[in-house]
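# From the sequence below, what's the structure:
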Amino acid sequence: MNKLKLFAGILIFGSLWGFSEVFVGSGLYETGLPSGAIMTGIFAMMFLVMSRMLYRQPGMQLGMGLVAGGLKLFNPFIACNICSAFAIMAEGAIFELIWYKLSFDSIEVTRTMQVSMGIITGYCVYIGGYMVTQILTPILAGPGFYLENLIILMPNILATGLIAALIGGIVLPATLLVKKTDIKIKDRLYYPTTLGITAICWFIVISNWLLIAA
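Below is the predicted model:
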């Protein structure tokens, strides 16, 4: 695949992911809902799986995590922006590890297999990102990281991951429907569309951050 086209895809999917984390995720957080598990199960899974199905390019999702995490740094609603940003980056990396050689092109995938893969992916991606926040938060904003504290929190981390797993079991099969849809954008429209949406996402997030910080 053309490297420039792939880079534009990383930008748009990563920016949409980060944009949803800033606004939708923050809204869920304010309501007291398990925002992390919901955001991972729905938005992270949707963008990660959709991009893999459309571009079929391993490594792309790691780049998306870096872009989304970078945009998350401008979130004015969450205290530890850096920790949250690194958690998103970790989610992209963990997805890459799980899906490194996974392809649904050459095998007949049943709905049960899709649901199972969604559960596994959602669970592992979420608890991996959650563990990153639990390691970085005390380092960046507290007395320092102690392994025993993480061990104490592990039952809660593993339990909350069930929400992301259940959502992932629904979202992955739904997202795979994109594979059956012939989505093509002409080259002359592809770059203006992807870069335009990317610019809008970053402009809104950064402008909102500057307004609240002023």
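# Identify each buried residue in stretch 150-168, please.
Ile157, Thr160, Gly161, Ile163, Ala164, Ala165, Leu166, Ile167, Gly168 (16 or more other CB atoms under 10 Å). For every residue, glycine as well, the C-beta is placed using N, CA and C.
# I am assuming the fourth one contacts Ser35, so please confirm or correct that.
Translated: Ile163. No. Ile163 is beyond contact range of Ser35, at 10.4 Å (criterion: CB atoms under 8 Å).
# Including distance to Gln57, secondary structure and pLDDT, could the buried residues of stretch 150-168 go into CSV?
Shown next, in CSV, are the buried residues of stretch 150-168 (distance: CB to CB, whole Å; DSSP: H, G, I helix; E, B strand; the rest coil; pLDDT from 0 to 100):
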residue, distance to Gln57, secondary structure, pLDDT
Ile157, 31, helix, 89
Thr160, 31, helix, 91
Gly161, 27, helix, 94
Ile163, 30, helix, 95
Ala164, 24, helix, 96
Ala165, 26, helix, 97
Leu166, 29, helix, 96
Ile167, 25, helix, 97
Gly168, 21, helix, 96
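# what's the closest of those residues to Met64?
Gly168 (16.7 Å; CB to CB).
# residues touching the spatially closest residue to that closest one that is not a sequence neighbour, list them.
Excluding the flanking residues, the one nearest Gly168 by CB to CB, 6 or more residues apart in numbering is Gly122, at 2.2 Å. Gly122 sits next to Thr40, Gly41, Met45, Ala164, Ala165, Leu166, Ile167, Gly168, Gly169, Val171, Leu172 when contact means CB atoms under 8 Å, 6 or more residues apart in numbering.
# Generate CSV for those residues, with distance to Ile94 as supplementary columns.
Shown next, in CSV, are the contacts of Gly122 (distance: CB to CB, whole Å):
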residue, distance to Ile94
Thr40, 10
Gly41, 14
Met45, 12
Ala164, 12
Ala165, 14
Leu166, 18
Ile167, 16
Gly168, 13
Gly169, 17
Val171, 16
Leu172, 15
